[in-house]
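Q: Any chance you can model this:
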Amino acid sequence: MAGRAYYALVAEPAGQNRILLLPEGSDWSLPRFSVTHDHWWQDVAPVNQALRRQLGLPATTLNCVRLVGEEADETAQFFYALELSGLHTQLPADGRWIAAEALDELPLKQPEHREIIADWLRQVSNGHAAPWYRPGWRDGALQWARDQLARRGLSLTGTPEQVRSWERSSLWRFRTTGGTAYFKTVPQMFAAEPRLSQKLAEWLPDRFAPVLAIEPERNWLLMGDAGEKSLLRDPEAVRWEAALRQYAELQIALSRRTDEMLGLGLPDRRLEALPERIDALLADTAALKNGPTGLSDQEIAELRQRRGELHEACHQLVESGLPASLEHGDFASGQIIVGPNGGYRFIDWSDGSVSFPFFSLLFFWAELEGELDDPLEARVRLRQAYLEPWTAYAPMSKLAALYALAQKVAALHHALIYHRDILPHMQARWEMERMLPYYLRILLKGRV
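A: Below is the predicted model:
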């Protein structure tokens, strides 16, 4: 890829349906800025910092409106909608608020941006499914978080920091006199997360972040700090082994609480219903082909040919005798936090469900490449560490066979999360539509 170009879509705070443009020769342009290091597009702190540093705009991100050119060998263009922090912000030199109705006649340096601007202004006018994508939302949400902290005798030692914004969640960091706290909100499809997080912290406080407050009606969650360091880019395999062992132990402990977790609204993705859901996915040609990385006809045909094999795998796992438990749904090294006394805490339960426990490790393996010195050897050791606590149910030889079988079905389990529970409820489907073919190709290529 040749590089990245960042553009800011900034609406006037007074709500006059005007957008900020800057002169560029005899033309006009969206404010352009640069970010000095790579980041996931949904991690917006670098965007906010760059706007303040380069253009003098105190702003927070509403959302990433569009990515252009990411699939091609050209400069990728990132378009971010931003909300200014005050009504009287001084504009960059010669910057002007331009009325929406004047845009058609205005000469743009890059005319192809005209459609992106118009589409965004329609979204602003019509409202967005994610409340945190709407101007003005942050003030009430952050005040709730401040009030909850104050009730616990905690004062802020700095300005709240926006960490992430995408349709899946909004995340903010608070530095307080009692340490770091995080405010998170999620859409209705993940509504169980605040209640689940609160109960997990009560049941196993050494394994989960402390929960300071929840507001279930608005899917708001205020958490204490789980720890400052995750396993992401940690080269010590022994720590990864200990973390996976502890993750298995918590799954075993929580297998006795499946009814309670389902009562909290956690999705029921147990094996008995999986074959029928697999059939629905394989029959949905439009979903399988959708998006820039959709499956080919040949890939779809191969998946359908394996239907019987996958049904039999589900049956064998049901008969294994291993209990259903909490399954993470998005388990990765960044969600494993180094806690006190050599323990680990596990965060980010948006995709969690009650399901077959071994499904959690499928996505985890993708983290090994580039993380540990010898990923193949490490994978054997890590699998062993994860399976050891399960020897209470079966000998290691049987567990290893069940684990290998489960990884085939796990690819479909994760694909179904997107097919059934995420993509149908998203307005900005582009944000997540690559995940469905991603998981199905893991199955097709045998990378399990």
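
Q: give me every residue that touches residue 438.
A: Residue 438 makes contact with residue 293, according to C-beta atoms under 8 Å, 6 or more residues apart in numbering. Backbone N, C-alpha and C define where each C-beta goes, glycine included.

Q: any idea how far residue 329 is from it?
A: Remark: distance between residue 438 and residue 329 (C-beta to C-beta, to the nearest Å) = 14 Å.

Q: again, but for residue 313
A: Computed as C-beta to C-beta, the residue 313 to residue 329 distance reads 19 Å.

Q: Please state the backbone phi and psi of the residue sitting furthest away from the middle of the chain?
A: Here the chain reaches farthest from its C-alpha mean at residue 26, the gap being 41.6 Å by C-alpha atoms, centre = their mean. Main-chain torsions, residue 26, degrees, to the nearest 10: phi -90, psi 0.

Q: how about the residue lying closest to it once chain neighbours are set aside, what does it touch?
A: In this structure, residue 26 finds its nearest non-sequential neighbour in residue 107, 6.7 Å apart by C-beta to C-beta, 6 or more residues apart in numbering. Contacts for residue 107 (C-beta under 8 Å, 6+ apart) come out as 26-28.

Q: Of these, just say which sits nearest to residue 7.
A: Closest approach between these and residue 7, by C-beta to C-beta: residue 28, at 12.5 Å.

Q: Leaving out sequence neighbours, find the closest residue to residue 44.
A: Residue 44 sits nearest to residue 61 (C-beta to C-beta, 6+ apart), 3.8 Å away.

Q: And residue 163, by the same measure?
A: In space, residue 163 comes closest to residue 171 once its chain neighbours are excluded; the distance is 4.4 Å by C-beta to C-beta, 6+ apart.

Q: Could you tell me the phi and psi values at the one you found?
A: Dihedral angles (degrees, to the nearest 10) for residue 171: phi -130, psi 130.

Q: Could you tell me how far it is located from residue 26?
A: Using C-beta to C-beta, we find residue 171 at a distance of 42 Å from residue 26.

Q: Run through who's touching stretch 60-78.
A: By C-beta under 8 Å, 6+ apart, the residues outside stretch 60-78 that reach it are 1-7, 9, 41-42, 44, 47-48, 79-83, 85, 116, 119-120, 123, 128, 130, 132-135, 138, 162, 165-167, 292, 428, 430-431.

Q: Would you mind listing which of these are buried?
A: 4-7, 9, 41-42, 44, 47-48, 79-83, 85, 116, 120, 123, 128, 130, 132-135, 138, 162, 165-167, 428, 431 (16 or more other C-beta atoms under 10 Å).

Q: Residue 371: what's it in contact with?
A: The contact partners of residue 371, taken as C-beta under 8 Å, 6+ apart, are 232-235, 333.

Q: Provide the contact partners of stretch 33-44 at residue level.
A: With C-beta under 8 Å, 6+ apart as the criterion, stretch 33-44 contacts 4-8, 46-47, 50-51, 54-55, 60-61, 64, 67, 78, 80, 162-166, 168, 431.

Q: Buried residues of that stretch, list them for me.
A: For stretch 33-44, by 16+ other C-beta under 10 Å, it's 33, 41-44.

Q: What's opposite the residue nearest to residue 163 in the beta bridge?
A: residue 164, residue 184 (DSSP bridges).
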